[in-house]
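Q: With the sequence up front, the predicted model follows.
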Amino acid sequence: MEEKISVTDSELKILELLWEKGELTVRQIQQGLESETGWSKHTVISLLKRMLQKNTAVALGRSPEQYSAVVSRESVVRQQSRSLAGRLFGGSVPLMLSTLVQQEKLTDQEIDSLMEQLRRAKEGKE
């Protein structure tokens, strides 16, 4: 069973940067997110310390000054999607999907892609 991964929006910003760039120092993380967040070096350090204490999202890299993501983007997306379905849609994935589809203006290509994924999911269950 997959370990539960809980990340805040702020932690997710750091993870996104680490997934994109790989191992980074505190300074590189702060500079990479500065224009979007305005975070100071101390804010980044506090967030990283919290993430290290959770022991699920980031780890020290090759040196004590570098950090890397130890959880995959796919794992976080999968668990956050389940969490969202549970919190807002009573655990109903079909309700979540239908709500998203109704709220968005999907292109024909996006609709075709969703239909293909649903077809494959159905075939996998038979």
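A: That came through fine.
Q: List the residue ranges of the protein that fall below the pLDDT cut-off.
A: 1-3, 56-57, 61-62, 126 (pLDDT under 70).
Q: just checking, what's the longest helix in it?
A: Longest helix of the chain, by residue count under DSSP state H: helix 108-125.
Q: which residues does Leu84 contact?
A: Neighbour list for Leu84: Met96 [criterion: C-beta atoms under 8 Å, 6 or more residues apart in numbering]. Every residue, glycine included, has its C-beta placed from N, CA and C.
Q: pretty sure Trp69 is in contact with Trp19, am I right?
A: Careful, residue 69 is Ala and not Trp. Yes - applying C-beta atoms under 8 Å as the test, Ala69 and Trp19 come out as touching, 5.6 Å apart.
Q: between the two, who's got more neighbours?
A: Between Ala69 and Trp19, counted using other C-beta atoms under 10 Å, the more crowded position is Ala69 (22 against 14).
Q: Identify the bridge partners of the more buried one.
A: Beta-bridge pairing of Ala69 under DSSP bridges involves Val58.
Q: Is Gln79 in a helix, a strand, or coil?
A: helix (DSSP: H, G, I helix; E, B strand; the rest coil).
Q: If you drop the residues flanking it in sequence, what lies closest to it?
A: Spatial nearest neighbour of Gln79, chain neighbours left out: Ile5 (5.0 Å); criterion: C-beta to C-beta, 6 or more residues apart in numbering.
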